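# my questions are about this predicted structure, shown below with the sequence.
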Amino acid sequence: MIFVDVLIPLALPKCLTYSVPEEWAWKAAVGMRVQAPVGKKLYTGLIRAVHDRAPEGYTVKPVAALPDERPAVHEKQMQYWEQLADYYLCSAGEVMKAALPAGLRASFAPLTETRVRLHPSITSEAQLLDRLHTLKRAPQQEAVLVHYLSLAGELDYEHPHETPKKQLAQDVSAAALAACIKKNLLEPVIHEVGRLDLSAAATKELPSLSVAQQRAYDEIEALLAAGKTTLLHGVTASGKTEIYIHLIAEQLRRGRQALYLLPEIALTTQLVERLQCVFGATVGVYHSKYNDNERTEIYRAVPSPYRIILGVRSSLFLPFDNIGLIIVDEEHETSYKQSDPAPRYHARDAAIMLAQRHDAAVLLGTATPSIESFYNARAGKYGLVTLSERYHRAPPPKMEVVDILHARKKKRTDGIFSQHLLEAIGHALEQGEQVILFQNRRGYAPYLQCTDCGHIPHCRQCSVSLTYHKQGQRLACHYCGASQPLAVVCPECRSPNIQTKGFGTEKAEDALQLLFPQARIARLDLDAARTKKAYSRILGDFAQRHIDVLVGTQMVTKGLDFDNVGLVGILDADALLNFPDFRAHERSFQLMTQVSGRAGRQQRQGRVIIQTAQSGSPIIQLVRRCDYHALFALQLAERREFHFPPYSRLVSLTLKHASADVVQQAARQLQELLLPEMGARLTGPFLPATPYIQGRHLRCFWLRLERNAHAAALKKQVALQIAAVGKLKGLSGVEIVVDVDPVA
Ligand code: ADP
Ligand code: ZN
Ligand code: ZN
């Protein structure tokens, strides 16, 4: 008897064992998909191991089916999933769920589509009428044929129209359709679903590198060849992308594959053209905005015909077999981290783990390295290569700081804008230059307040104020998405005097339009760019100079390359600086520096104006001086003092329950269980900044673990204790979210 251990895409602690019926025994191999019953449901799992040891103590169920002829994944991939599961304290099944496109996870998901067309034996209208005549006594079959003909329109007998069988079957009887096929009136044809678009052609030679770029390239090559993960610290517009392109070309010459990771889907659109120009159809793009069929196809197509994959974090799970290089562009971006659901993995770190398995090299690139990566580079763990001049030799932008409190006192403001910024905008527009304004908050106003009783509308599900969106006249919660119409009077005291407080991108756009009625102003935030298409359109319009001023959230700070931006305005630096997180200053520096990098491309010097109430803040001063090294030193001292990463490995635990009492009790229990082993490593339970979200109360812990091998053992302990709390009476309903290396 053959048994198989099957990995199921659920949060189970281990594989489940099944028996394999004799007739399928030949298919029992690692990586094969199986249909297996779990409880009353069937799941598509993967065979992890094949053996002849009958499990003891229970009757083994047989697998329900083995649908494929060959394995869907390599064993190496499953080992990688297990490594991630171990590191991020989740189950391999959860990683599997994230790793496989839904098409491969669904039970018998059709990877083909059946279409029907007129049977080739019918070659003329006369024959067709003849055959139709024979159906007089079978009105249902006649109806099938007539319906097919109505969908087909004018018939070309040599290439008859093909209609998806599914579509036809919606409107006619399935039995009659089957009969038509049996009688050779219609013919089924099976198609692979969709088609990969392999039409892109290379149109450009590799650009030649500048002297500075060539030096950086050589340094990188040498470090990567020595087996070192390498950090490329290159200012915006220094031409990092061109260096990546050269490195990729080199991998292809050696017959190996390359993976180019980006933190966000939106950025792939811009880059894919740049890569296809050079590499043609060998560039594949992989991200979640593709539908399941497309994702499944790309998954099954890797490695050939693609040699280069451009994608977001999930592309780490593609079945590479000969990968030589992984580029992690904008490595500092926190969107590389998956926050929900598990696996809560960081693509940068997961890339390094993947590369080790494949003996591949990793290059991290950014203008503003994360403190962790720069620390690793300084400590000699990573190689470090610096590129400090812009490719076109443009001088770095001129940085100006406006003390907004002072300006207000002197009456040198107009609403949310300082006169200084308004004059600069006017000047830029006169010169025919474009302007980017950054405000890291969408909506019109982050909250409303009644001027008579002080009431502030809050979300019923979450402990946050509701954001006022002028568009649609609604109040929306940015945590749970709940939204309600704007009330005309205060719900507490019926006063009609309700004021907006603070401002978001919508208000900035509105207010600016009043001040510059001639200017073409557009907005780029989650609301304006709900779809990838809307996003591309806005960026396209801006690139074509159909937009003069672009007001946006951090979406405008990302790796965009425009050539006519004379001015960048940062409207409210304080919102960034005051964010309650130990990385707030690092993030502020990164965002402000990144958005500043959009100013003044080519030979011209750009201008950046930062509005802040904290003009004396060291972070503002460092942004102004573009002094990353000083920022690093400052942050490192702080991290050391409070024992934060990189001086510790942080694990956050969040307990959630609808009852505040229950969650509090669970937190106490968990604290008791953890304390003996963890001691001073444990902080909490404490209330997070937003202690009530989506109808559930939250309690948090932090574990600061040593950065050594011991951490792995400690993490195992944590996982055990968490499982123990879940088993306690009355506490099984408490959700405990574990986040290893959380980013916020
Ligand atoms: P980064 O990725 O560092 O922000 P980019 O690679 O986008 O910089 O380069 C900035 C600009 O300079 C782009 O318009 C790019 O096309 C141009 N550029 C950079 N290097 C070269 C090169 N070697 N030859 C031609 N143009 C280059
Ligand atoms: Zn009121
Ligand atoms: Zn809410």
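Perfect, I can see it now. Ligands and ions are numbered 1, 2, ... in the order given.
# three-state assignment of residue 251?
helix (DSSP: H, G, I helix; E, B strand; the rest coil).
# so what's it up against?
By CB atoms under 8 Å, 6 or more residues apart in numbering, the residues touching residue 251 are 257-258, 324-325. No exception for glycine: its C-beta is placed from N, CA and C like everyone else's.
# now the two most distant members of these.
Farthest pair in these (CB to CB) is 257 and 325. Separation: 8.1 Å.
# break this structure into its domains for me.
2-78, 112-192, 211-391, 398-442+505-638, 445-502, 649-740 (automatic domain parsing).
# among those, which is nearest residue 85?
Comparing the domains of the chain by CB to CB, domain 211-391 comes nearest, at 6.8 Å.
# first to last residue in the closest one, what's the distance?
10 Å (CA to CA, to the nearest Å).
# so which of the domains of the chain gets nearest residue 93?
The nearest among the domains of the chain, by CB to CB, is domain 2-78 at 4.8 Å.
# and the average pLDDT for that closest one is what?
The average of the pLDDT scores along domain 2-78 is 92.
# how about the closest residue to residue 495 other than its chain neighbours, secondary structure?
The spatial neighbour of residue 495 that comes closest, neighbours along the chain excluded (CB to CB, 6 or more residues apart in numbering), is residue 452 at 3.9 Å. Following three-state DSSP, residue 452 is assigned to coil.
# count of neighbours near residue 452?
For residue 452, the count of nearby residues is 14 (other CB atoms under 10 Å).
# do I have it right that it meets residue 493?
Yes - between residue 452 and residue 493 there is a contact under CB atoms under 8 Å: 5.6 Å.
# which one of the contacts of residue 251 sits closest to residue 562?
Nearest member of those to residue 562, counting by CB to CB, is residue 258, at 26.9 Å.
# secondary structure element for the closest one?
strand 257-261 (DSSP states H and E).
# buried residues in the helix or strand just after that strand, which are they?
Once the chain leaves strand 257-261, the next helix or strand it forms, by DSSP H and E, is helix 265-279. Residues of helix 265-279 classed as buried by neighbour count (16 or more other CB atoms under 10 Å): 265-272, 274-279.
# and those, which is closest to ligand 2?
Using CB to the ion, residue 266 comes nearest to ligand 2 of the buried residues of helix 265-279, at 40.6 Å.
# which residues touch the closest one?
For residue 266, counting by CB under 8 Å, 6+ apart, the contacting residues are 529, 532, 535, 555, 558.
# show the buried residues in those residues.
Buried among the contacts of residue 266 by 16+ other CB under 10 Å: 529, 535, 555, 558.
# confidence score at the residue in the stretch 351-500 of the chain positioned nearest to ligand 1?
With CB to the nearest ligand atom as the measure, residue 391 is the residue of the stretch 351-500 of the chain nearest to ligand 1, at 3.7 Å. Residue-level confidence at residue 391 comes out at 89, pLDDT.
# can you tell me, leaving aside adjacent residues, what's nearest to it?
residue 239 (3.9 Å).
# could you report the neighbour count for that neighbour?
Residue 239: 21 neighbours (other CB under 10 Å).
# now swap in residue 140 and tell me
Neighbour count for residue 140, taken as other CB under 10 Å: 14.
# how about residue 646?
20.
# just residue 356 next, same as before
14.
# and it, how close does it get to residue 229?
Separation of residue 356 from residue 229 (CB to CB, to the nearest Å) stands at 9 Å.
# go on, residue 587?
23 Å.
# repeat for residue 293
Counting by CB to CB, the gap from residue 293 to residue 229 is 35 Å.
# give me the more crowded residue out of those two.
Between residue 293 and residue 229, counted using other CB under 10 Å, the more crowded position is residue 229 (23 against 18).
# list the contacts of that one.
Residue 229 neighbours (CB under 8 Å, 6+ apart): 352, 355, 361-364, 376, 381-383.
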